[in-house]
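J.: no FASTA, just this:
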């Protein structure tokens, strides 16, 4: 999940999820698992924004007032 900028998918990243592509998985199966992760990530990050925990300072994302060294990563993987 990232802030929107004029360039496609180029805004500062707030958080992301990790997904391992499984051997033999087709595009539809992968898309379903990606969507399941999005359904976890979006409400989490929106909650952070609503609570004032996430801010954009210039092109830097701050979480609880600190710039993470890398995007926050959702560790759970949808199966």
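T.: Alright, I've got the coordinates. Please read all numbers here as calculations on a predicted model, not as lab measurements.

J.: CA only for contacts and neighbour counts going forward, please
T.: Fine.

J.: Residues in a beta bridge with the residue nearest the centre of the chain, which ones?
T.: When CA atoms, centre = their mean is applied to the chain, the residue found nearest the centroid is residue 16 (2.8 Å). Using DSSP bridges, the bridge partners assigned to residue 16 are residue 73.

J.: which regions of this structure lie under the pLDDT threshold?
T.: Applying pLDDT under 70 to the chain flags the ranges 75-79.

J.: if you set the cut-off to 90 instead, what comes out?
T.: 5-6, 8-10, 18, 59, 69-79 (pLDDT under 90).

J.: who's in contact with the residue nearest to the centre of the chain?
T.: 1, 41, 71, 72, 73, 74 (CA atoms under 8 Å, 6 or more residues apart in numbering).

J.: distance of the residue nearest to the last one when sequence neighbours are not counted from residue 8?
T.: So that's residue 74. Excluding its sequence neighbours, the residue lying closest to residue 74 (CA to CA, 6 or more residues apart in numbering) is residue 17, at 4.6 Å. Distance of residue 17 to residue 8, given as CA to CA, to the nearest Å: 19 Å.

J.: and what of residue 57?
T.: 20 Å.

J.: One more: residue 61?
T.: Using CA to CA, residue 61 is found at 18 Å from residue 8.

J.: between these two, who's got more neighbours?
T.: Between residue 61 and residue 8, counting by other CA atoms under 10 Å, residue 61 is the more crowded of the two (23 against 7).

J.: now the farthest one out in this protein, which residue is it?
T.: The chain, CA atoms, centre = their mean, max distance from centroid: residue 24 (25.5 Å).
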